[in-house]
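Engineer: give the three-dimensional model of this entry:
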Amino acid sequence: MISFEELIRPLASQLAAHEMAILQKAYDFAREAHKGQKRKSGEDFFVHCIEVARILVDLRMDVPVIAAGLLHDVVEDTAITLEDLNREFGAEIRRLVDGVTKLDQVPLNTDSTSRGRDRDREAEYLRKTLLAMDDDVRVILIKLADRLHNMRTLGHLSPERQRRMAQETTEIFAPLASRLGIWQMKWELQDLSFRYLDPDGYKRIASLITDRRADRDRYMTHLVERLKQLLEQNGITGADVSGRSKHIYSIWRKMEQKELTFDQIYDVRAVRVIVPTIGLCYQVLGLIHQTWRPITGEFDDYIAAPKDNFYQSLHTAVILEDKKTLEVQIRTPEMHVAAEYGVAAHWRYKEIGSTTRGRDEAYERRLKYLRDMMEVGREVEDANEFLDTMRSDVFQDRVYVFTPRGDIVDLPAGSTPIDFAYHIHTDIGNRCRGAKANGKLVPLDYTLQVGDRMEILTSKRGGPSRDWLNPNLGYVRTKRALAKIRHWFRRQDREKMIALGREMLDRELKRLGLEKMKYEQAAALFEIDNADDFLAQIGFGDIHPHQLVVKMAEEEVSRSDEDDLLKLVSTVPDKPRPTTSGEIQIQGTGGLLTNLARCCNPVQGDEIIGYITQGRGVTIHRKDCRNILTLPTQRLISVDWGTTDQENRYAVPIMINAYDREGLLRDIGIAVADEHINIRSVTVNTHNHIAVFNVTLEVESATQLSRVLSKIEQLPNIMEARRMTG
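Structural biologist: Okay, the predicted model is just below:
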């Protein structure tokens, strides 16, 4: 256990006497509160408190934060209360400790399993921790320090707990450190998590690094000295040149993503050059490009155009004489501190007495950035949904694109122009009608690429399209944009939304040949009791009619006693057990031949019923097929879809009505081909510029059919695309 003097030694020269007294008091208070408590490793619990505080000291955080780091577990794990902390240390330290204290009780669903309750509790805890950043970013810095030390000592927990914490750290805390710009903490969290999530992969790469370290160190020492001499020969003095070490997780990830070997990754040399001024940064860049051949497309100027999280540096890559690649980062000392410590750099500047207006303004911009980042999940009440939103919109891989003015916008990978528009401003998103990437028109479902210069074309008024809410069309990928679109529709009149929802549902049911389905039946699939509430949710965009076929496929065949068709039961004995014939399980028939009825053309996902024929086995009908009502009920049997081979396809006739135009059939064919669907036959009749297509498609499921019908209806001049029934 380190002493108080050892803990504060890095800050001792900057601390006033009263600040030293506060930290000494916090040290003694926490040591006494945790007296006798042990960790899983057997060491005193207070050691954890000291190590958390030491990480905060290394970040050069202020006195209240370091004190809160020492005290962060006293409320959770001892008899000390928040009121006690307020009395002993004041409101600021009390508030910081409260921000990182785990919840003792979280409202939970009493029907949840024990494991489910644990997940809900942890999700709610993470939600509270992340939202606390909106009030005081120092709270999350304490929590990151707490998580970092817990990961350093994870080996003493059970394997299940190790994997759960490692997964949580990979998905939440390491990306959070990255978004805060604290790169040194991000890399360590990722490496520690990787060690427990993939022990074999971790050991393999760590061993390879160790085996090659001596050769690499010799080469890098030679390379660094040569670069220093090059700079000095050209009058550039005061430069700090060093090799950049690669981290185990980053090596593994690059190997996985780019399908490269370790040698291919490790052959990439990387150095960092730190020079006093921005002008010298560009001078060094020019000198390096004059000496070695730069690699096309590998230069990024994050000084002139900083990243969204305010990261600044010049990045380039060149080819050395030995044909190996050298990666180079060039930055000023201030940029380096900001890159390594992110938002914590604000307190490091204070330590060296540099509280200039410019740096204070930079800190305020960072805080605004963090608050904007959290906006996407602030209105989400459910903790698990909140974390899903954070993972998809905040913590996943990023794509960097430019505004017309040259500002960099940081979005989740896979984002579209609509996501970009809503990121810029809600009103721009609502009025978005088109987009340009690098000066060329692109569709609204275009996937943004790194470096794209995006321009949004808007109308003077209007709102978003409901098609943007259809996940199958791919117009919107971020939950932030989806939330804003849904909010726009919620502002509309409820009665109008019910009427619109009814119209959309009727259209989908007609398109799928399910006109007989009642609204109450459809609502029940979504566990909604009131049909109007169900229709309103469709109108508001919370539910898309396309989801209906998915729900039908997930549900049991019999769900209601109200429909006469669903009351039909077989009089055939239940034994022997159901057998499989092709793709259909037939109850009580001992493996008779089966045929799909041509009158209703059932496909995987439809509710079905069997009719025992004379000499031709069992004919499979959809349960709402009109011909079923004319058949003798004693020969009807219950059947169900069995395990389906992906190669099984079903012939389904559809009808398309459209205003005739040149290239119409070609566009329909492309839409069908994009879904990997075969066209078995097609006939076209035209009259008075109206074209009617009768097409037979070979589809795998009702879900696939619904998806292709949606795409066809998006084509210009198409009036209607629907399934034909007998």
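
Engineer: ok, and what's touching stretch 426-440?
Structural biologist: Residues from elsewhere that reach stretch 426-440 (C-beta atoms under 8 Å, 6 or more residues apart in numbering): 417-418, 420-422, 441-444, 446, 448-449, 452-464, 481, 484-485, 488. Heads up, the C-betas are built off the backbone N, CA and C, glycines and all.

Engineer: rerun that using 6 Å as the cut-off
Structural biologist: By C-beta atoms under 6 Å, 6 or more residues apart in numbering, the residues outside stretch 426-440 that reach it are 417-418, 421-422, 442, 452-459, 462-464, 484, 488.

Engineer: same thing with stretch 33-52?
Structural biologist: For stretch 33-52, the surrounding residues in contact (C-beta under 6 Å, 6+ apart) are 1-2, 30-31, 69-70, 74, 78, 80, 145-146, 149, 156.

Engineer: which stretches in the stretch 351-500 of the chain count as helices?
Structural biologist: 357-378, 383-393, 417-424, 426-430, 479-490, 494-511 (DSSP state H, counting those that start in this stretch).

Engineer: next, the buried residues of the fifth one.
Structural biologist: Right, the one you point to is helix 479-490. Neighbour counts over helix 479-490 (16 or more other C-beta atoms under 10 Å) mark 479-486, 488-489 as buried.

Engineer: coming back round to it: out of the contacts of stretch 33-52, grab the one that's most surrounded.
Structural biologist: Gly69 (31 neighbours; other C-beta atoms under 10 Å).

Engineer: so for it, what's the pLDDT?
Structural biologist: pLDDT, Gly69: 94.

Engineer: touching stretch 454-464 from outside, list them.
Structural biologist: Stretch 454-464 is contacted from outside by 401, 404, 420-421, 428, 430-437, 485, 488, using C-beta under 6 Å, 6+ apart.

Engineer: quick one: distance of it to the chain centre.
Structural biologist: Remark: stretch 454-464 is offset 26 Å from the chain centroid, using C-alpha atoms, centre = their mean, to the nearest Å.

Engineer: need the distance between the two termini of it.
Structural biologist: Start to finish, the residues bounding stretch 454-464 are 19 Å apart (C-alpha to C-alpha, to the nearest Å).

Engineer: rewinding a little: of the contacts of stretch 426-440, buried ones?
Structural biologist: Here, 16+ other C-beta under 10 Å leaves 417-418, 421-422, 442, 452, 454-456, 458, 464, 484, 488 buried among the contacts of stretch 426-440.

Engineer: so which of the residues you listed comes closest to Asp674?
Structural biologist: Nearest to Asp674, judged by C-beta to C-beta, of the buried ones among the contacts of stretch 426-440 is Val442 at 17.0 Å.

Engineer: excluding chain neighbours, what is closest to the closest one?
Structural biologist: The shortest distance from Val442 to any non-neighbouring residue, by C-beta to C-beta, 6 or more residues apart in numbering, is to Ala435 (5.5 Å).

Engineer: and that neighbour, what pLDDT?
Structural biologist: Reported pLDDT for Ala435: 93.

Engineer: how about Thr26, what does it touch?
Structural biologist: Quick fix: residue 26 is Ala, not Thr. By C-beta under 6 Å, 6+ apart, the contact set of Ala26 is 67, 70-71.

Engineer: what's the pLDDT at it?
Structural biologist: pLDDT, Ala26: 95.

Engineer: please name the nearest non-neighbouring residue to it.
Structural biologist: Nearest to Ala26 is Ala67, by C-beta to C-beta, 6+ apart, at 4.0 Å.

Engineer: what distance do you get for the residue nearest to Val442 to Thr426?
Structural biologist: Ala435 sits 17 Å away from Thr426, taking C-beta to C-beta, to the nearest Å as the criterion.

Engineer: is it correct that Leu326 falls within a helix?
Structural biologist: No - under DSSP: H, G, I helix; E, B strand; the rest coil, Leu326 sits outside any helix and is assigned strand.

Engineer: for it, list each beta-bridge partner.
Structural biologist: Beta bridges link Leu326 to Arg269, Val318 when assigned by DSSP bridges.

Engineer: residues near it, how many?
Structural biologist: 19.

Engineer: residue contacts, it?
Structural biologist: Counting by C-beta under 6 Å, 6+ apart, Leu326 makes contact with 269, 318, 320.

Engineer: just the buried ones among the residues you listed, please.
Structural biologist: Among the contacts of Leu326, those classed as buried by 16+ other C-beta under 10 Å are 269, 318.

Engineer: not counting sequence-adjacent ones, nearest residue to Asn86?
Structural biologist: Arg94 (4.2 Å).

Engineer: just to check, the one you found is in contact with Asp84?
Structural biologist: No - using C-beta atoms under 6 Å, Arg94 makes no contact with Asp84, being 8.9 Å away.

Engineer: higher neighbour count, the two?
Structural biologist: Per other C-beta under 10 Å, whichever of Arg94 and Asp84 has more neighbours is Arg94, with 22 against 16.
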